[in-house]
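Chemist: Have a look at this fold, sequence not included:
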């Protein structure tokens, strides 16, 4: 099974003008699965007669899975990219923000994964006040 990690971060400003660094991490796994396929075929018995038979074989298919998670650095803390990446990665593995799976080899390619992560990152940044809790 192949696994690749994608990450990006950007700064968000909340309604009070405080800046928070947002990190998003995606884990893409690609694996090959073998599926049993059955086909009905005509099996010749002699020159004048044939009977129905069943052909069974294994057919490979590739599956890609993307899970992603995020981490937000508090405005009072100093942002550390490695710590943010580690926290977001842990969240992606244990309680992902989102998960996608496909059996089509043309989807979930690196450009598409970056686009998905960027869209999620922009959503968090544009709605940062919904993602952070203020202690009044």
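Modeler: Arrived safely, thanks for sending. None of the values given here were measured: they were computed from a predicted structure.

Chemist: In contact with residue 99, which residues?
Modeler: 65, 66, 67, 68 (C-beta atoms under 8 Å, 6 or more residues apart in numbering). For every residue, glycine as well, the C-beta is placed using N, CA and C.

Chemist: which residues sit against the longest helix anywhere in the chain?
Modeler: Scanning the chain for the helix with the most residues, using DSSP state H, yields helix 110-126. Identification of contacts with helix 110-126 by C-beta under 8 Å, 6+ apart yields 4, 6-12, 22, 24, 26, 28, 66, 68, 70, 72, 97-98, 100, 131.

Chemist: what's downstream of that helix, the next helix or strand?
Modeler: Proceeding N to C from helix 110-126, the next assigned helix or strand is helix 128-131, under DSSP states H and E.

Chemist: helices and strands around that next one, which ones?
Modeler: In terms of contacts (3 or more C-beta pairs under 8 Å, 6 or more residues apart in numbering; DSSP states H and E), helix 128-131 is not packed against any helix or strand.

Chemist: Output the below-cut-off pLDDT ranges for the protein.
Modeler: Scanning the chain for pLDDT under 70 picks out 134-136.

Chemist: And the strands in it?
Modeler: Per DSSP state E, the chain carries strands over the ranges 2-13, 19-44, 50-72, 98-102.
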